[in-house]
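pasting a predicted model and its sequence here:
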Amino acid sequence: MLRKLLSIYENSILFPNQPENPSEQLYIFCNDEENEWIGIPKTDISEKELTLLKTIYKLVEVQTSFYLSSKSGWSEFLFFDGPLPPYDSGTHFRFIQFQISSHDGNQFEIESALKGFFTEEVTIIWESSSRGIVIEEKKLISLSEDELISMSETFESDFYVKISFFIGKLHPFSHQLRSQLLREKEYFTFGITNLGNPNIFTFERVFPAYLANHLPEELKQKVNQEVIEIFHDDPEMFSTIKFFLENNLNASLTAKKLYIHRNTLQYRIDKFSEKTGIGLKDFYGAFTVFLACLLFEQNQDM
């Protein structure tokens, strides 16, 4: 009987025996007469369907394994002020937050795919139908930023959803992990809201714009008087200068990405320096102008 459900719920899994450590994203049903077990993703079942299935089959309450206890321990610690999960004090962790562009993605499939990219076991906690956290131990960290970009591109091609990641810092195992995650969540939310929707966010990429957004109005006006007024008069110069700074002052790479000749790029840079009196070849000048670019961009979005 349960086998017939496979044609209705294509993402379901038929088990030969009672599963020991099923995903929390599955409802497990049992047919006692035929000794069959099936797992159906919770996102695939409506409330009415769940009620109907429970009248026909037995909904199994699976015993929580050590792994699931550990996973539950993370949720209680991070979001409900619970005790620290059972790990050694010398352990280090990194949080990789992710957000999916669609609320209709199959959580079971997405979680399985995410785990498939990691060489070792990781803990994944879902905060909502479209946002979650991958928790890595230091010894398990295996994916670089470039590999996470490749993962994002794979999700877009295979699942038709866009996924963005925030790569957190490596933190020692302590009670401070909760506040550190909350701070990184704030940066991720700010980045998603204010910086478009790129594949990868990091503290280094988000914080300059975060800082610019929280500057006192008096300081914003001073930057406006020195630089931003020029961007209002020449939007093309703004996009050129910001792109140049974002590409680490690499003129050849910037010209190539902007599809302009290098001499054209140099002309615009020289024109900017002539009007503002600020050079872009030293750290202080580049920092000041990049801050002005961020402020100008924020004003455009208001």
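Yep, it's here.

host element of Tyr87?
Using DSSP states H and E, Tyr87 sits in no helix or strand.

if we ignore the residues flanking it in sequence, what's nearest it?
Of all residues not flanking Tyr87 in the chain, Phe173 sits nearest, at 5.4 Å (CB to CB, 6 or more residues apart in numbering). No exception for glycine: its C-beta is placed from N, CA and C like everyone else's.

Pro85 contacts Ser75, doesn't it?
No: counting by CB atoms under 8 Å, Pro85 does not reach Ser75; the two are 9.5 Å apart.

which one's more surrounded, the two?
Taking other CB atoms under 10 Å, Pro85 and Ser75 do not tie; Pro85 has more neighbours (21 against 17).

ok, the residue nearest to the more buried one when sequence neighbours are not counted - contacts?
Of all residues not flanking Pro85 in the chain, Gly73 sits nearest, at 3.7 Å (CB to CB, 6+ apart). Listed by CB atoms under 8 Å, 6 or more residues apart in numbering, the contact set of Gly73 reads 82-86.

regarding the residue of the chain most remote from its centre, which helix or strand does it belong to?
In the chain, the residue that sits farthest from the middle, by CA atoms, centre = their mean, is Glu33; the gap is 45.0 Å. Using DSSP H and E, Glu33 falls within no helix or strand.

for the remainder of this discussion, apply numbering that starts at 805.
I'll keep to 805 as the first residue from here, and by that count the last item is Glu837.

show me the strands in the stretch 805-954 of the chain, by range?
817-819, 830-835, 840-845, 862-863, 896-904, 927-930, 935-941 (DSSP state E, counting those that start in this stretch).

worst mean pLDDT among those strands?
Least confidently modelled of these is strand 817-819, at a mean of 77 by mean pLDDT.

what is that one packed up against?
Counting by 3 or more CB pairs under 8 Å, 6 or more residues apart in numbering; DSSP states H and E, the packing neighbours recorded for strand 817-819 are strand 840-845.

neighbouring strands - and their directions - for the strand it packs on?
strand 817-819 (antiparallel), strand 830-835 (antiparallel) (DSSP bridges).

for it, give me every contacting residue.
805-807, 809-810, 813, 815-823, 826-827, 829-834, 857, 864, 910-913.

nearest to Phe970, of the strands of the stretch 805-954 of the chain?
Distance to Phe970, taken as CB to CB, is lowest for strand 896-904 among the strands of the stretch 805-954 of the chain, at 4.2 Å.

which parts of the closest one are buried?
897-904 (16 or more other CB atoms under 10 Å).

and it with strand 935-941, angle?
If you take axes from the mean of the first three to the mean of the last three CA atoms, to 10 degrees, strand 896-904 sits at 160 degrees to strand 935-941.

with only the CA atoms kept, save strand 896-904 in PDB.
Provided in PDB are the C-alpha atoms of strand 896-904 (Å, rounded to 0.1, in the frame of the first residue of the first chain):
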ATOM      1  CA  HIS A 896      36.200  25.800  17.000                       C
ATOM      2  CA  PHE A 897      33.100  26.400  14.800                       C
ATOM      3  CA  ARG A 898      32.100  28.400  11.700                       C
ATOM      4  CA  PHE A 899      28.600  29.300  10.800                       C
ATOM      5  CA  ILE A 900      27.600  29.500   7.100                       C
ATOM      6  CA  GLN A 901      24.200  31.100   6.700                       C
ATOM      7  CA  PHE A 902      22.200  30.500   3.600                       C
ATOM      8  CA  GLN A 903      19.100  32.100   2.100                       C
ATOM      9  CA  ILE A 904      17.100  30.700  -0.800                       C
END
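
related to what we said a few turns ago, OK, contacts around the residue farthest from the centre of the chain?
Contacts of Glu837 by CB under 8 Å, 6+ apart: none found.

mind checking how far it is from Leu857?
Counting by CB to CB, to the nearest Å, the separation of Glu837 from Leu857 is 16 Å.

hang on, the earlier thing: tell me the most buried of the strands paired with strand 840-845?
strand 830-835 (a mean of 19; mean count of other CB atoms under 10 Å).

Provide the contact partners of that strand at residue level.
Contacts for strand 830-835 (CB under 8 Å, 6+ apart): 805-806, 809, 817, 822-823, 826, 840-846, 849, 854, 857, 861-864, 866, 912.

the helix or strand harbouring Phe992 to strand 896-904, inter-axis angle?
Taking DSSP H and E as the definition, one finds Phe992 inside helix 980-998. Angle, helix 980-998 to strand 896-904, by the same axes, to 10 degrees: 30 degrees.

so which elements touch helix 980-998?
Partner elements for helix 980-998 (3+ CB pairs under 8 Å, 6+ apart): helix 870-884, strand 896-904, strand 967-976, strand 1004-1006, helix 1007-1017.
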